[in-house]
Structure formats: structure tokens, C-alpha cells
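1. no FASTA, just this:
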């Protein structure tokens, strides 16, 4: 169920269902973006790197956050626009086979000057199956004000 501006407030937190990252995810992302760096796409090369295995593209993790947020249903039907991704950090590697979840913490809300929409400041955190933070930052969004019920 979508939440509108007046339904959201500082301190709320929403956690997405999990999603396991597959080989197909990495191969597809490499194809879409053209980022075929060997650390992502070459198992033999990756064996000799810092992590001893391929790592998932950092931006694939950030992109998955958007899909995981959608799976919560909180902003489906009320989100108008993603306003930006700020202060995003890649704090630990993500590997093929990891299951990630995304937490959205509401930092603040305010109406726009028109009053038709609102700005929701959100801290977004991607965690692996061990609960370790692997990525995170701000993903602020514009949302609609609840429609007035016809009566």
C-alpha cells in the first residue's frame, strides 16, 4: 500500500524482502552498462584479486536498492521522482550468491512550495545476508500528497 506525504514521518523505517544476486544479474548488468571490468566478469582473474572472487558491480547494488524499495510497496503509486543519490558509499564487497535487503529510514518530510507534492529525505542501506552494511547513502524522493476522497 502506497504511503503519501502525510503518512510518512521522521524515524520511520522500512525493510525490503531479500534478493539473491545471481550470475545472470552480473552478466546482464555488464552487458547493459558496458562495464566488463575483469573483477566482475572473469573468475580466473578475480581469484588473484583482494577478495579472491568476482565482485558485483557497485552500481548494480545501488540499482537493486531501487527495486528492493519498490518491493516494500511504500512508495508505489505515490513516488513522483527520484531527486538524487547523494553521499553513496560502498563499504564492503557484494558477491554473486549474496542475498541483500534494503532498509529505508525516513529522515525528514516537507511540502513543496506548490503544496501538491512533498520531499522525503531518505537514508538507504543495503545489507548482505550477514547483516553487514555493504552500501548506503541518501536517495531522496518527491512524493504526492494523498488524493482527496470523492464523496
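-> Sure thing, it's come through. Since we're looking at a predicted model, the values are computed, not measured.
2. Show the backbone phi and psi for residue 128.
-> Main-chain dihedrals, residue 128, degrees, to the nearest 10: phi -90, psi -180.
3. so where's the longest helix in the chain?
-> helix 58-72 (DSSP state H).
4. Start from the N-terminal end of this structure and give the helices.
-> Taking DSSP H, the helices of the chain run over residues 23-33, 38-41, 43-47, 58-72.
5. as a whole number, average confidence for the shortest one?
-> Same thing as helix 38-41. Average pLDDT, helix 38-41: 96.
6. how much space is there between the spatially most central residue of the chain and residue 99?
-> In the chain, the centroid-proximal residue (C-alpha atoms, centre = their mean) is residue 65; its distance is 1.7 Å. Going from residue 65 to residue 99 by C-beta to C-beta, to the nearest Å gives 14 Å. Where you see a C-beta, it was placed from the backbone N, CA and C, and this is true even at glycine.
7. Other residues contacting the longest helix of the chain?
-> For helix 58-72, the surrounding residues in contact (C-beta atoms under 8 Å, 6 or more residues apart in numbering) are 14-17, 19, 21, 25-26, 29, 33, 35, 75-76, 82, 85, 88, 90, 94, 100-102, 104, 124, 126, 134-135, 139.
8. can you pull the buried residues of it?
-> Buried residues in helix 58-72, counted by 16 or more other C-beta atoms under 10 Å: 58, 60, 61, 62, 64, 65, 68, 69, 72.
9. Compare the helices of the chain and give me the one nearest residue 1.
-> With respect to residue 1, and counting by C-beta to C-beta, the nearest of the helices of the chain is helix 58-72 at 10.1 Å.
10. And the average pLDDT for the closest one is what?
-> On average, helix 58-72 scores 97.
11. and what of stretch 96-116?
-> If you average the pLDDT over stretch 96-116, you get 96.
12. got it, and stretch 142-150?
-> Stretch 142-150 comes out at a mean pLDDT of 80.
13. one step back: possible to save the helices of the chain as a markdown table with distance to residue 147?
-> Output for these, formatted as a markdown table (distance: least, C-beta to C-beta, whole Å):
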| stretch | distance to residue 147 |
| --- | --- |
| helix 23-33 | 35 |
| helix 38-41 | 44 |
| helix 43-47 | 50 |
| helix 58-72 | 20 |
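14. Mind checking the ones you listed for the one nearest to residue 115?
-> Within the helices of the chain, the stretch nearest residue 115 is helix 58-72; the backing value is 25.2 Å (C-beta to C-beta).
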